[in-house]
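Chemist: Attaching a predicted model along with its sequence, questions to come.
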Amino acid sequence: MERVEHEIARMIQEIDYDEVNHLLEMLNSGKRLRAKLILKIASSDERAPLLAAIVELIHSASLLHDDVIDESNTRRGVASVNATDGSKIAVMLGDILYSKAFSELVSFDRDIAKVIASSVTALSKGEMQDVKLAEEFNSDEDKYLDMLYFKTATLIEASAIAAALLVGKDIQKYGLYGRNLGLSFQIIDDILDITSDDSTLGKPSMNDFVEGKCTLPYIYLYQDLNDSDKKRLVSLHAKSITKEDSLWIKEKMEENESVERAFKLAHELSHEAMEAVQDDDALVSILETMIKRSY
Ligand code: FPP
Ligand code: MG
């Protein structure tokens, strides 16, 4: 990971703009899940840290844009760039980071460059689906999972496939692992938005629903409620929520085991991913750590 950080620092240095250095110093770099995944799959290749650094820059760019779209004031426990410096700066900083990442990506083999580049189109499509779905209360599980695949899983899947291509490993197997890791990671993230407190999250709890996002526990809850409770839930969608209403949602979720149902799906996806890479302890342990995060 030291080499990954070194590559990221070099690329930022080459952008050669103090404003960019200053803004990036203020940010929290996060878990670097995608970089760790690439290093674990392609540890024998000396270009793996550069590939990992490229993917992390793309991911950071997508989060800068996402916070503008979601009007989020915090990211990873610190103020977001749109909150401190405005949306124009946040969008352009994102543009600078992902175009820099792309100019480095072209130095890789065509199939590797193509899989990463295509995943950025897919994640942008997923973000647009997310915005569209949030316009109304969505109770369609398939639509939700489709959006999740594009928005979160495609870059993780592409990272795994690109790393496998770099060292000549089975792309089917690692692709399945990356896809399911991405899906179950996001489902657990959605669960934590409901079950964690504000200080652990670094943002207000149940913020997804306030932003209009009906994540899996809300979809499952809706399916199980009677007609009048369905109406009450829909009436609370995409509005700031009172303590009383948030307690009501949590109580109903507990009664109907909505969070448990979502967790069960995350668990099944993780299990399938573990089976695909059972001979690789490091990859299995990434999944185990992620599942533990949800307790
Ligand atoms: C976070 O979702 C958002 C993403 C994982 C993807 C965002 C993608 C784009 C904005 C497309 C543009 C891409 C580039 C490279 C510029 P979330 O809002 O559910 O999660 P959060 O709680 O972390 O904000
Ligand atoms: Mg967001």
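Modeler: Noted; the coordinates are in hand. Ligands and ions are numbered 1, 2, ... in the order given.
Chemist: What helix or strand is the closest residue to residue 106 other than its chain neighbours located in?
Modeler: By the measure of Cβ to Cβ, 6 or more residues apart in numbering, the closest residue to residue 106 outside its immediate chain neighbours is residue 113, 5.9 Å from it. Placement of C-beta: from N, CA and C, glycine included. Applying DSSP states H and E as the criterion places residue 113 in helix 110-133.
Chemist: Is any residue of that helix near ligand 2?
Modeler: No - no part of helix 110-133 sits near ligand 2 under the criterion Cβ under 5 Å from the ion; the closest distance found is 8.4 Å.
Chemist: Can you name the element that comes right after that helix?
Modeler: helix 141-148.
Chemist: hmm, who's touching that following helix?
Modeler: Outside helix 141-148, the residues that touch it by Cβ atoms under 8 Å, 6 or more residues apart in numbering are 126, 129-130, 133, 138, 183, 186-187, 214-216, 219-220.
Chemist: swap the cut-off to 7 Å and go again
Modeler: Surrounding helix 141-148, the residues in contact under the criterion Cβ atoms under 7 Å, 6 or more residues apart in numbering are 126, 129-130, 133, 138, 183, 186, 216, 219.
Chemist: Briefly note if that helix comes near ligand 2.
Modeler: No - using Cβ under 5 Å from the ion, helix 141-148 never reaches ligand 2; the gap is at least 12.9 Å.
Chemist: What residues of whichever helix or strand comes after that helix count as buried?
Modeler: As assigned by DSSP H and E, the chain's next helix or strand after helix 141-148 is helix 154-167. Judged by neighbour count using 16 or more other Cβ atoms under 10 Å, the buried positions of helix 154-167 are 154-166.
Chemist: Among these, find me the one that's closest to residue 277.
Modeler: Out of the buried residues of helix 154-167, the one with the shortest distance to residue 277 is residue 160. That distance is 9.4 Å, counting by Cβ to Cβ.
Chemist: Residue 283 versus the closest one, what's the distance?
Modeler: With distances defined as Cβ to Cβ, to the nearest Å, the gap from residue 160 to residue 283 amounts to 9 Å.
Chemist: okay, and the common contacts of these two?
Modeler: With contacts defined as Cβ under 7 Å, 6+ apart, the residues shared by residue 160 and residue 283 are residue 177.
Chemist: Pick out the residue closest to the middle of this protein.
Modeler: residue 152 (4.5 Å; Cα atoms, centre = their mean).
Chemist: The residue nearest to that residue when sequence neighbours are not counted: neighbour count?
Modeler: Here the nearest residue to residue 152 in space, its sequence neighbours aside, is residue 186; by Cβ to Cβ, 6+ apart that works out to 4.1 Å. Burial of residue 186 is recorded as 21 neighbouring residues (other Cβ atoms under 10 Å).
Chemist: pLDDT score assigned to the residue of the stretch 101-250 of the chain found nearest ligand 2?
Modeler: Here the residue of the stretch 101-250 of the chain nearest ligand 2 is residue 211; by Cβ to the ion that distance is 7.4 Å. With respect to pLDDT, residue 211 has a value of 90.
Chemist: any idea how far ligand 2 is from the closest residue to it other than its chain neighbours?
Modeler: Ranked by Cβ to Cβ, 6+ apart and with sequence neighbours excluded, the top spatial neighbour of residue 211 is residue 70, at 5.8 Å. Computed with Cβ to the ion, to the nearest Å, the distance linking residue 70 and ligand 2 is 4 Å.
Chemist: residues near residue 70, how many?
Modeler: Other residues near residue 70 number 21, with proximity taken as other Cβ under 10 Å.
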